[in-house]
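1. No sequence on hand, only this structure:
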């Protein structure tokens with residue numbers, strides 16, 4: 001410890017620079033180093049911190065047909081606001097920009113970008129676009145933006161954030177390291193979290209995805225695809241007209257202790273050779289609790305759904321077929337044993353499952369017997385809580 005301290009002292013003594021980077025202060029009243037965030041970013045060096053005071057920062061630079069509120073060059077930075085609702089990046093009205101607008105842009109592949117304690121709002125294209133190798137987004141709010149985050153070729157963290165009234169949520173393409181999305185809320189975000197491809201596992205935990213605005217029949221709370229590998233737990237997904245969760249295209253996902261209840265939408269959509277471990281969840285839908293779809297069923301032998309509560313409402317199905325019939329694939333048997341289906345009548349359960357027994361052209365069969373003899377609790381919400389929330393949404 002003494003040697004480390006001494007080395008740091010020598011570095012500061014002989015170079016005149018702190019190894020911890022410089023903090024630049026941006027204050028609207030002129031009491032800081034700058035009054036415009038972009039000016040501080042331009043002056044900053046690798047590893048510096050931009051500390052942003054309270055107020056709305058609506059200055060931007062124009063690059064072609066894009067208005068960029070904060071444009072970060074190829075250097076690792078931390079943007080630190082004064083608090084959610086205190087530091088605001090973006091115009092006061094959603095339609096303020098006639099060009100495409102972006103809130104915070106980092107497209108030059110720095111090592112690290114951290115954004116914390118601020119609000120981004122009223123951006124007509126993308127609030128945050130990231131290419132940094134490590135991306136951290138914590139204690140922030142994004143509202144009234146077309147897209148919240150688009151990030152690629154990175155690892156990262158999204159924690160303690162709130163998002164509302166946005167078309168697209170968090171889009172992560174080709175994860176190169178671990179990603180955690182946790183303790184965050186999505187309200188009226190039509191497409192909540194999308195993860196496509198990964199070489200390291202992701203986690204989504206303790207998040208709420210709730211929408212009452214069903215603008216698109218394809219909207220979903222969570223979509224995992226293209227070989228992504230990870231775990232989803234302790235989440236509540238409510239009201240999506242497409243599906244609460246979509247797992248497809250060779251993804252490998254464990255989902256547990258979550259609740260999915262959808263008005264006019266599917267609870268779980270799984271398709272195209274996915275491997276899913278789905279247990280201790282609650283599924284409620286008036287369309288289909290589970291949808292099986294895609295052009296290929298190969299690989300589904302690694303999928304199992306156990307110890308879940310699966311409840312259909314109205315004319316909804318327990319399992320809906322979307323495979324389009326026979327595709328020349330080997331017959332698959334889906335292990336859905338030891339779930340509670342809201343009834344002990346095996347014939348009634350079978351009557352609301354579309355598989356090879358009821359549709360001879362279908363290449364799969366659902367094995368659901370034995371069944372659980374009572375409702376299955378989850379850590380997030382019990383069954384009565386779920387039913388009450390569902391009734392509130394469907395009124």
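-> Received, thanks. Being a predicted model, the structure only gives us computed values, none of them experimental. Numbers count the residues shown, from 1 in each chain.

2. Report the beta-bridge partners for residue 277.
-> Following DSSP bridges, residue 277 is listed with bridge partners residue 254, residue 304.

3. quick one, what contacts it?
-> Residue 277 makes contact with 253-256, 303-304 under the criterion Cβ atoms under 8 Å, 6 or more residues apart in numbering. No exception for glycine: its C-beta is placed from N, CA and C like everyone else's.

4. what's the answer for residue 140, then?
-> Going by Cβ under 8 Å, 6+ apart, residue 140 touches 81, 84, 115-120, 161-162.

5. Next step: these restricted to strands.
-> Assigned to strands by DSSP state E, the following of the contacts of residue 140 qualify: 115-116, 119-120, 162.

6. what helix or strand does residue 38 sit in?
-> Applying DSSP states H and E as the criterion places residue 38 in helix 37-43.

7. Distance from that helix to the middle of the chain?
-> Taking Cα atoms, centre = their mean, to the nearest Å, one finds the center of helix 37-43 at 30 Å from the center of the full chain.

8. contacts for the very next helix or strand once past it?
-> As assigned by DSSP H and E, the chain's next helix or strand after helix 37-43 is strand 48-52. Residues lying outside strand 48-52 but in contact with it, judged by Cβ under 8 Å, 6+ apart, are 21-26, 32, 37, 40-41, 44, 75, 77-82, 87, 118.

9. Against which helices or strands is the helix holding residue 38 packed?
-> Using 3 or more Cβ pairs under 8 Å, 6 or more residues apart in numbering; DSSP states H and E as the contact criterion, the elements in contact with helix 37-43 are strand 23-26, strand 48-52, strand 66-71.

10. now with 10 Å?
-> strand 23-26, strand 48-52, strand 66-71, strand 77-80, strand 100-106 (3 or more Cβ pairs under 10 Å, 6 or more residues apart in numbering; DSSP states H and E).

11. average pLDDT for the last one?
-> What it means is strand 100-106. Strand 100-106 carries an average pLDDT of 96.

12. For it, enumerate the helices and strands it packs against.
-> Partner elements for strand 100-106 (3+ Cβ pairs under 10 Å, 6+ apart): helix 37-43, strand 61-63, strand 66-71, strand 77-80, strand 112-116, strand 119-121, strand 126-130, strand 147-152.

13. CSV please, covering those and showing mean neighbour count, distance to residue 313 and mean pLDDT.
-> Supplementary listing: these in CSV, determined by neighbours: other Cβ atoms under 10 Å; distance: least, Cβ to Cβ, whole Å; pLDDT from 0 to 100:
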stretch, mean neighbour count, distance to residue 313, mean pLDDT
helix 37-43, 18, 49, 98
strand 61-63, 12, 50, 95
strand 66-71, 21, 44, 97
strand 77-80, 22, 45, 98
strand 112-116, 22, 40, 97
strand 119-121, 24, 36, 98
strand 126-130, 26, 35, 95
strand 147-152, 24, 31, 95
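
14. all helices of the protein, in order?
-> Using DSSP state H, the helices of the chain run over 2-15, 37-43, 346-351, 383-394.

15. Check the ones you listed for me: which has the lowest mean pLDDT.
-> Mean pLDDT per stretch puts helix 2-15 lowest among the helices of the chain, at a mean of 40.

16. shaky segments in the stretch 151-300 of the chain?
-> Scanning the stretch 151-300 of the chain for pLDDT under 70 picks out the ranges 213-217, 273, 294-300.

17. Report the beta-bridge partners for residue 119.
-> residue 88, residue 141.

18. on that earlier part again, so can I have a markdown table of the helices and strands packed on strand 100-106 showing distance to residue 373?
-> Formatted as a markdown table, the helices and strands packed on strand 100-106 follow (distance: least, Cβ to Cβ, whole Å):
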| stretch | distance to residue 373 |
| --- | --- |
| helix 37-43 | 60 |
| strand 61-63 | 63 |
| strand 66-71 | 57 |
| strand 77-80 | 54 |
| strand 112-116 | 48 |
| strand 119-121 | 49 |
| strand 126-130 | 48 |
| strand 147-152 | 43 |
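
19. wait, which of those is closest to residue 174?
-> When those are ranked by proximity to residue 174, the top entry is strand 147-152, at 5.7 Å, counting by Cβ to Cβ.

20. and that closest one, how far from the chain's centre?
-> 10 Å.

21. List the neighbouring strands of it plus their orientation.
-> Looking at strand 147-152 with DSSP bridges, its paired strands and their directions are strand 126-130 (parallel), strand 162-175 (parallel).

22. Out of the contacts of residue 277, name the two that are farthest from one another.
-> In terms of Cβ to Cβ, those reach their longest pairwise distance at 256 and 303, which sit 14.0 Å apart.
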